[in-house]
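>>> could you work out the structure for the sequence below:
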Amino acid sequence: MMRLAIPGPNDEYSHPASAIALAARAMGWEDRAGMIKDCAGTVLSSPFATSILENLARVGLGMLSVQQGDGKMANEQYEAIEPRKGSLILIPGLIADRLLGLLAYTAENLDMASEHFEDSLAFCRKSSYRPELAWTCCDYADTLLQRNEPGDHEKAIALLDESLAISSELGMRPLMERVLSRREILKA
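So this is what the prediction gives:
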């Protein structure tokens, strides 16, 4: 649909920016960066982009910055997405706090990332949003293992166990594989 649409701040460009970026991170696709940047850039360069379409483009660039480990781009997207803290980004079904945690992690602000992941855990548990809870647990565990303060290792293991239980029950294969690989690393 995107290729058939007139380029601009529309659904055909904003939705692929976020959806492709989320799928690329989950599946480990490394070859979608150009498409994500093109879609998001088309939306963000227009003075007619609505806040909803702009947010979707920002989600795409944010997830791309995480996947590429680009701290500068992560900081830029963090500033744009931070006002959405405590909310659900409805279209892709992403908790804003998890994305903010990932962006802070990518920008090497591990304490800030931990705060956002704690907020995401609370949001997901309160709303029984289990798929996002499973992803939050895994992403938060990565942050704790990187930060490596007292108690972080044990908490990371508990989060990975929770993520694996949920992802196994829901059949979330890419996440299950991610969690299992992290648990293997911890055993080594």
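
>>> partner strands of the one helix or strand in the chain whose mean pLDDT sits lowest and their direction?
Ranked by mean pLDDT, DSSP states H and E, the weakest helix or strand in the chain is strand 88-89, scoring a mean of 79. Sheet pairing of strand 88-89 (DSSP bridges) gives strand 94-95 (antiparallel).

>>> for the record, mean pLDDT for the strand it pairs with?
The average pLDDT within strand 94-95 is 88.

>>> what's in contact with it?
Residues from elsewhere that reach strand 94-95 (CB atoms under 8 Å, 6 or more residues apart in numbering): 18, 22, 59, 87, 88, 89, 120, 123, 124, 129, 132, 136. (Glycine included, C-beta is placed from N, CA and C.)

>>> number of residues surrounding the third one?
Here the count is done by other CB atoms under 10 Å, and residue 59 has 28 residues near it.

>>> contacts only, for residue 96.
The neighbours of residue 96, taking CB under 8 Å, 6+ apart as the test, are 81, 84, 85, 86, 87, 88, 89.

>>> and those residues, which of them are buried?
For the contacts of residue 96, a burial check counting by 16 or more other CB atoms under 10 Å picks out 81, 84, 88, 89.

>>> my guess is residue 144 meets residue 158, correct?
No: counting by CB atoms under 8 Å, residue 144 sits too far from residue 158 to count as a contact (9.8 Å).

>>> one step back: got a markdown table for the buried ones among the contacts of residue 96, with distance to residue 105 too?
Output for those, formatted as a markdown table (distance: CB to CB, whole Å):
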| residue | distance to residue 105 |
| --- | --- |
| 81 | 14 |
| 84 | 17 |
| 88 | 20 |
| 89 | 18 |
